[in-house]
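# Give me coordinates for this.
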Amino acid sequence: MTTTFRELGVLPLICDALERAGIITPFAIQEMTLSVALMGTDLIGQARTGTGKTLAFGIPVLQRSVVSTDPAYADLPQGKPQALIVAPTRELALQVSNDLHLASKDLGLRVLTVYGGVGYDTQLDTLASGVDVVVGTPGRLIDLANRKALDLSHVHALVLDEADEMLDLGFLPDVERLLKMTPETRQTMLFSATMPAAIVALARTHMRHPMNIRAESSYDTTMVPATAQFIYQAHDLDKPEIIGRVLQAEDAGKIIVFTRTKRQAQRVADDLAERGFSASPLHGDMAQIAREKALAKFREDKIRVLVATDVAARGIDVAGVSHVINYTCPEDDKTYVHRIGRTGRAGASGIAITFVDWADITRWKVINKTLDLPFEEPQETYSTSEHLYHDQGIPPGTKGRIVDAAPVERKPREDRGDRGGDRGGDRRRSESGGDRPNRNRGRSRTRSGGSGSTDGDSAQPAASSAAGDSASTPASTPASTPASTEGGGRTRSRRRRGGSGNTSGGEAGTTPQPA
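Here you go, the predicted model:
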């Protein structure tokens, strides 16, 4: 069934003007773009010149600029540009202006084209009398802004057409200056045939939640046009924290997380649940009834996060999925297309986030090249990265959990003497005075012929224990030293140190006297 501009929500006055020119049905790029741009969403459109992209961004610009002529918005500054379209060349600027004049004939909007190579007088006079939409080349726009003739502080829609050509011509610094002159809350639309790294960086800096739309690809019928894609090079241990923060983003709804293995799906689901989020796994090791129950809860909004493997998630069609997160890099381009197709359904917008491990960089580059995506070099990203908060609309200060971590139950620290099991260590320490239990081994050894020889202390354990307590004091050390020599002059202090008080009526000199 053929779609018309009217069915896409275009104003009747614009549709009437287009129909008089024989334009009734939109091209592919127009149909894909209008459904997103008319809502005021930032977008990146990839299409060559001649594919009809001028009306793709021109109609939303005109339709949103009509607000300035509505009496209900009389407090808006009159005569100040409401929209700005930047083109790299004079020819392209004139072409864009012609299409805008055609579509706005019945709206009464004033469209001005400015470019270099001609005098300033006419352009200055027109700006002074008031305009609604300005189309121009970067150099002349900067000149007029420096002359205070062009006020961009009220622009609510800004378009960068043929951005890659502006890069080639060296206009990117001027474009940056123009962007800084406009309000941060504006809608930004960027169109480019290719996406060099400098253009991607520009989009990341000045656009928020941009939808990536391609007009020409073998995957046009399967790649969801209203899905913003983000590719992050992330550390595996930091991924749950990132997901926890994304779950608290401004527009986060239900989320599907895709994992490579069943074990990984279970682990991620358990981790998110421990962080306080309602999450459930969906993988082949689960019983069929458990899988059906998890999917039913996800459809009924009883759980927010479904962590699934590719096989288990095949054919899932759930409305309201705001995010799809590839926990690991997909195996190939078809898997990638299938996964991100779970969001942005039924005309709704969606966000697809892909985590690429360091070891998967080459695999991602193959996917990126096959699908002709502009993310050849994934951006290194951590849960604390500023661009993550900017890209996903995460409130500052957000952490990756919404409940406190469960306290770790620690067992009481066991006595070092019991480390190898209870072998009577407590008794030995009591008998020996506790200084060197392993040297004493709980008994005094009997040696013949020595003045310091002792009887077995097992005969009087109570007496030896009491004596050992007194002998373990610092004052006992010098007193025991002279009494611990044998007749042959052999020193036995090391053997007797722990048990010097364990005598049972031996030589008087072996017992220290209290001071």
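# Surely residue 303 touches residue 279?
Yes: using Cβ atoms under 8 Å, residue 303 is in contact with residue 279, at 6.4 Å. Bear in mind the C-beta positions are built from the backbone N, C-alpha and C, glycine included.
# between those two, which one's more packed in?
Applying other Cβ atoms under 10 Å to residue 303 and residue 279 shows that residue 279 carries more neighbours, namely 24 against 19.
# from memory the more buried one sits against residue 267, does it?
No: between residue 279 and residue 267 there is no contact under Cβ under 8 Å: 11.3 Å.
# okay, and the common contacts of those two?
Shared contacts of residue 279 and residue 267, defined by Cβ atoms under 8 Å, 6 or more residues apart in numbering, are absent.
# can you give me the strands for the stretch 1-150 of the chain?
For the stretch 1-150 of the chain, strands defined by DSSP state E, counting those that start in this stretch occupy the ranges 43-46, 83-86, 111-114, 133-136.
# Relative to residue 144, which of these is closest?
Nearest of those to residue 144, taken as Cβ to Cβ: strand 111-114 at 6.3 Å.
# Pull out the C-alpha coordinates of that closest one and format them as CSV.
Only the C-alpha atoms of strand 111-114 are listed here, as CSV (Å, rounded to 0.1, in the frame of the first residue of the first chain):
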residue,chain,number,x,y,z
VAL,A,111,12.6,32.1,3.3
LEU,A,112,15.9,33.8,2.7
THR,A,113,19.0,32.5,0.8
VAL,A,114,22.4,33.9,1.7
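# what residues does that strand touch?
Outside strand 111-114, the residues that touch it by Cβ under 8 Å, 6+ apart are 93-94, 97, 100-101, 104, 123, 126-127, 131-137, 140-141, 144, 150.
# from these, which ones fall inside helices?
Under the assignment DSSP state H, those contribute 93-94, 97, 100-101, 123, 126-127, 140-141, 144 to helices.
# just curious, which of those residues is nearest to residue 404?
Using Cβ to Cβ, residue 141 comes nearest to residue 404 of the ones in helices among the contacts of strand 111-114, at 53.2 Å.
# what's the neighbour count on the nearest residue to that closest one once chain neighbours are set aside?
Nearest residue to residue 141, sequence neighbours excluded (Cβ to Cβ, 6 or more residues apart in numbering): residue 178, at 5.9 Å. Other residues near residue 178 number 22, with proximity taken as other Cβ under 10 Å.
# Buried ones in the host helix or strand of residue 178, by neighbour count?
Taking DSSP states H and E as the definition, residue 178 sits inside helix 172-181. Residues of helix 172-181 classed as buried by neighbour count (16 or more other Cβ atoms under 10 Å): 172, 174-175, 178-179, 181.
# again, but for stretch 120-139
Within stretch 120-139, the residues scored as buried using 16+ other Cβ under 10 Å are 123, 126-127, 131-138.
# Keeping just the C-alphas, turn that stretch into CSV.
Output of stretch 120-139 as CSV, limited to C-alpha atoms (Å, rounded to 0.1, in the frame of the first residue of the first chain):
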residue,chain,number,x,y,z
TYR,A,120,25.4,42.3,1.3
ASP,A,121,22.8,45.1,0.9
THR,A,122,19.9,42.9,-0.3
GLN,A,123,20.5,40.3,2.3
LEU,A,124,20.9,42.8,5.1
ASP,A,125,17.7,44.6,4.2
THR,A,126,15.8,41.3,4.1
LEU,A,127,17.1,40.2,7.4
ALA,A,128,16.1,43.6,8.9
SER,A,129,12.6,43.3,7.6
GLY,A,130,12.3,39.8,9.2
VAL,A,131,12.6,36.2,8.0
ASP,A,132,11.5,32.8,9.2
VAL,A,133,13.9,30.4,7.5
VAL,A,134,17.5,31.1,6.5
VAL,A,135,19.4,28.9,3.9
GLY,A,136,23.0,29.8,3.4
THR,A,137,26.7,28.8,3.0
PRO,A,138,28.9,28.8,6.2
GLY,A,139,31.1,31.7,5.2
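# For the stretch 301-450 of the chain, which segments count as strands?
Per DSSP E, counting those that start in this stretch, the stretch 301-450 of the chain carries strands over the ranges 305-309, 321-326, 350-356, 379-380.
# for those, which one sits closest to residue 56?
Evaluated over those, closeness to residue 56 peaks at strand 350-356, with 19.7 Å, by Cβ to Cβ.
# Which strands border that closest one, and is each parallel or antiparallel?
strand 227-233 (parallel), strand 321-326 (parallel) (DSSP bridges).
# Let me see the residues that make contact with stretch 271-280.
Contacts of stretch 271-280 (Cβ under 8 Å, 6+ apart): 240, 243-244, 247, 268-269, 294, 297-298, 302-307, 400-403, 405-406.
# Tell me who's in contact with residue 232.
Contact analysis of residue 232 by Cβ under 8 Å, 6+ apart lists 242, 353-356, 378-381, 388.
# Now do the closest residue to residue 330 other than its chain neighbours against residue 376, distance only.
With Cβ to Cβ, 6+ apart as the criterion, residue 330 has its nearest non-adjacent residue at 4.2 Å, and that residue is residue 336. Residue 336 is 14 Å from residue 376, where distance means Cβ to Cβ, to the nearest Å.
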